[in-house]
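**Student:** Quick one, fold the following:
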Amino acid sequence: MSCNVILLEHTPRADSLVAAAARLCYSGGTAGELAARSSEETDEAQARFLAGLWKSGHHSPLEHASFTFGVDGLSRVASHQLVRHRVASYSQQSQRYVKMGQSGAAVVTPPSVSSNPQALLIFQRQAEASLSAYEELCALGVPAEDARFILPHGWETRLVFTMNARELHHFFALRLCRRAQWEIQSLARQMLRLVRVTAPLLFRVSGPSCVTGQCSEARPCGKPYADMEDLLAQQ
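**Tutor:** Have a look, this model is predicted:
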């Protein structure tokens with residue numbers, strides 16, 4: 001089961017903005033002049049400049065471009081991993097103020113469970129039992145903020161979060177590695193597809209080290225991606 005991700009807002013002309021911000025560090029021109037120059041460049045010229053910027057290690061200009069995502073159907077297992085990326089802003093659906101289970105047991109089912117009929121039966125039975133216990137506790141007057149303790153770790157949640165382009169590159173490098181947990185890989189891949197539409201030059205190449213260079217994992221997966229197309233083609 002995959003979560004649903006949408007790009008709610010983003011910095012307009014993010015590619016040009018980052019290029020202009022970077023040029024300001026090395027130019028006597030004004031910010032307005034450099035922004036105009038960046039917007040008039042061809043995509044290839046700007047792509048070469050941004051690639052050189054990244055290769056040189058001058059990454060701070062990428063922090064001027066931000067992207068805001070909306071996510072539905074992510075488990076709290078994955079959201080706990082997501083919020084470890086601290087250079088970001090998060091708003092998450094509250095289990096204190098929103099009644100859970102209005103449309104049944106909303107638990108994300110791992111593929112390893114859904115592909116095994118016997119395991120799926122056990123999983124669903126336990127999910128329904130936890131929801132039943134939650135509802136009984138609420139009916140007994142237990143506050144929802146306390147009754148929620150019985151809900152599974154895999155219960156679905158909803159978030160709105162914002163990251164800048166520099167942090168997104170870092171996020172993609174970690175979470176698109178095949179060694180990352182499957183659900184956050186799915187989230188990261190959907191996010192990368194979205195930002196490549198709005199800022200194609202900034203994210204022309206982004207992802208784990210096997211895509212951007214040489215694998216840096218202490219224990220490689222043994223199945224490196226061939227290129228960006230291979231990475232994006234995965235589900």
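**Student:** So what's the predicted local confidence for the residue in the chain sticking out farthest from the centre?
**Tutor:** In the chain, counting by C-alpha atoms, centre = their mean, Leu140 sits farthest out from the average C-alpha position, at 38.6 Å. Confidence at Leu140, expressed as pLDDT, is 98.
**Student:** Enumerate every residue touching it.
**Tutor:** Shown in contact with Leu140 (C-beta atoms under 8 Å, 6 or more residues apart in numbering): no residues. No exception for glycine: its C-beta is placed from N, CA and C like everyone else's.
**Student:** now the helices for the protein?
**Tutor:** Taking DSSP state H as the test, the helices found in the chain are 14-24, 31-40, 43-56, 76-82, 111-114, 117-139, 144-147, 165-175, 182-198, 209-212, 228-233.
**Student:** could you dump those to CSV with distance to Gly222 and mean neighbour count?
**Tutor:** Shown next, in CSV, are these (distance: least, C-beta to C-beta, whole Å; neighbours: other C-beta atoms under 10 Å):
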stretch, distance to Gly222, mean neighbour count
helix 14-24, 35, 23
helix 31-40, 41, 15
helix 43-56, 27, 15
helix 76-82, 23, 20
helix 111-114, 20, 13
helix 117-139, 26, 14
helix 144-147, 45, 15
helix 165-175, 18, 21
helix 182-198, 16, 19
helix 209-212, 10, 18
helix 228-233, 15, 14
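**Student:** pretty sure Phe161 contacts Tyr90?
**Tutor:** Yes - in this structure, Phe161 is within contact of Tyr90 by C-beta atoms under 8 Å, at 4.6 Å.
**Student:** Which one's more surrounded, those two?
**Tutor:** Phe161 (20 against 14; other C-beta atoms under 10 Å).
**Student:** distance of the more buried one from Ala47?
**Tutor:** 27 Å (C-beta to C-beta, to the nearest Å).
**Student:** According to the record, where do the domains of this protein fall?
**Tutor:** 4-90+157-233, 98-154 (automatic domain parsing).
**Student:** what's the least confident stretch among these?
**Tutor:** domain 4-90+157-233 (a mean of 93).
**Student:** just how off-centre is that one within its chain?
**Tutor:** 10 Å (C-alpha atoms, centre = their mean, to the nearest Å).
**Student:** Please apply the same query to stretch 107-125.
**Tutor:** With C-alpha atoms, centre = their mean, you get 25 Å for stretch 107-125.
**Student:** Leaving out sequence neighbours, find the closest residue to Leu194.
**Tutor:** Leu7 (4.3 Å; C-beta to C-beta, 6 or more residues apart in numbering).
**Student:** show me what contacts the residue nearest the centre of the chain?
**Tutor:** Against the mean C-alpha coordinate of the chain, by C-alpha atoms, centre = their mean, the closest residue is Ala188 at 4.0 Å. Residues counted as contacts of Ala188 (C-beta under 8 Å, 6+ apart) are Phe171, Phe172, Arg175, Leu176, Ala180.
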